[in-house]
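A.B. asks: Build me a model from this:
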Amino acid sequence: MKEAEVKARAFAMPLTSPAYPPGPYRFIDREFMIITYRTDPDKLRAVVPGPLEVDEPLVKYEFIRMPDSTGFGDYTETGQVIPVRFRGRKGGYSHCMFLNDEPPIAGGRELWGFPKKLANPTLHVEIDQLVGTLDYGPVRVVTATMGYKHKGADAAAIRASLAAPNFLLKIIPHVDGSARICELVEYYLEDVTLKGAWTGPGAISLTPHALAPVAELPVLEVVSAVHLVCDLTLGLGKVAYDYLASPAKRESAPKPATAGVA
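C.D. replies: Take a look at the predicted model:
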């Protein structure tokens, strides 16, 4: 293979059989259960990287079912998202994620910097309740429940939350083990069609685990529970802040255009 061919084909690893295809990545009937809870403010600030800022000691624990996703197939994901501010704009910072499908683990980490690890989350309806679980190996780490479609949610508020910026800490090591890339990535959910949104009573329990340390942000009080279904495109990101750049070069690029939420 000639050098020009390598450059032309080089998209993702491995070169001759990439773990995932090029985007865009469209998700149909993406289903969320989001339990928002109050946690210890000092422990929360200890895990949020500056220049992101925390206003309230809140965590959004999310379970996401993705039965039809371009290139990634059918899988389930879970993790903690922390409401933050970046240069005056409110958004969400993905603190940790666990899922059961290799292509989105590889693509999520390499393209955007999603903090994804392999585990076994589930989200399903059990009679009158929506149930989310996370097992890391044989150990049950998270159990969340919510009353199934008890009340319609505020659609305008849900659309606004889906349109907000999302932030990730992307780290790619050099061959000597030092950081070659260390940057905040900003991305948006695009072309969103909200198909339904509901609220109801919710509960969540977190079990301490050495390799899935979600319990380090303890549940002090459940604030809300939301269940929603939508179609969306996962937009590619931009570098919002480069930790390795000189201070003079740390300038935000223009905000990317988004297609909005229907």
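A.B. asks: Distance check, the nearest residue to residue 147 once chain neighbours are set aside against residue 34.
C.D. replies: Of all residues not flanking residue 147 in the chain, residue 200 sits nearest, at 3.3 Å (Cβ to Cβ, 6 or more residues apart in numbering). The way it works is simple: take the backbone N, C-alpha and C, and place the C-beta from them, glycine included. When distance is defined by Cβ to Cβ, to the nearest Å, residue 200 is 12 Å away from residue 34.
A.B. asks: and if you look at residue 124?
C.D. replies: 16 Å.
A.B. asks: Tell me which of these two has more neighbours.
C.D. replies: Shown here are residue 124 and residue 34; by other Cβ atoms under 10 Å, residue 34 has more neighbours (21 against 13).
A.B. asks: so which helix or strand takes in that one?
C.D. replies: Element membership for residue 34, per DSSP states H and E: strand 25-38.
A.B. asks: Find the centremost residue of the protein, please.
C.D. replies: residue 94 (5.0 Å; Cα atoms, centre = their mean).
A.B. asks: Settle this for me: that one is touching residue 81, isn't it.
C.D. replies: Yes: at 5.5 Å, residue 94 and residue 81 qualify as touching, with contact defined as Cβ atoms under 8 Å.
A.B. asks: Give me the next element, helix or strand, following the helix or strand harbouring residue 161.
C.D. replies: Using DSSP H and E, residue 161 sits in helix 155-163. Note on helix 155-163: by DSSP H and E, the next helix or strand toward the C-terminus is strand 166-173.
A.B. asks: Strand partners (parallel or antiparallel) of that next one?
C.D. replies: Using DSSP bridges, strand 166-173 pairs in its sheet with strand 89-99 (parallel), strand 179-187 (antiparallel).
A.B. asks: out of those, nearest to residue 131?
C.D. replies: Comparing the strands paired with strand 166-173 by their distance to residue 131 (Cβ to Cβ), the top pick is strand 89-99, with 16.2 Å.
A.B. asks: list residues touching both of residue 200 and residue 34?
C.D. replies: Both residue 200 and residue 34 are contacted by 225, 227, under the criterion Cβ atoms under 8 Å, 6 or more residues apart in numbering.
A.B. asks: before we move on, the earlier item: which other helices and strands contact the strand holding residue 34?
C.D. replies: Helices and strands touching strand 25-38, by 3 or more Cβ pairs under 8 Å, 6 or more residues apart in numbering; DSSP states H and E, are strand 58-69, strand 139-147, strand 202-206, strand 221-234.
A.B. asks: can I get those in JSON lines with mean pLDDT and mean neighbour count?
C.D. replies: Listed next are the helices and strands packed on strand 25-38 as JSON lines, based on pLDDT from 0 to 100; neighbours: other Cβ atoms under 10 Å:
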{"stretch": "strand 58-69", "mean pLDDT": "98", "mean neighbour count": "21"}
{"stretch": "strand 139-147", "mean pLDDT": "98", "mean neighbour count": "20"}
{"stretch": "strand 202-206", "mean pLDDT": "98", "mean neighbour count": "19"}
{"stretch": "strand 221-234", "mean pLDDT": "98", "mean neighbour count": "19"}
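A.B. asks: I'd like these laid out as a markdown table, including distance to residue 3.
C.D. replies: Formatted as a markdown table, the helices and strands packed on strand 25-38 follow (distance: least, Cβ to Cβ, whole Å):
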| stretch | distance to residue 3 |
| --- | --- |
| strand 58-69 | 34 |
| strand 139-147 | 46 |
| strand 202-206 | 50 |
| strand 221-234 | 32 |
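A.B. asks: So what's the residue count around residue 89?
C.D. replies: Neighbour tally, residue 89, other Cβ under 10 Å: 14.
A.B. asks: so what's it closest to, chain neighbours aside?
C.D. replies: Spatial nearest neighbour of residue 89, chain neighbours left out: residue 165 (6.0 Å); criterion: Cβ to Cβ, 6+ apart.
A.B. asks: wouldn't that neighbour be in contact with residue 188 here?
C.D. replies: Yes: Residue 165 lies in contact with residue 188 (Cβ under 8 Å); the separation is 6.2 Å.
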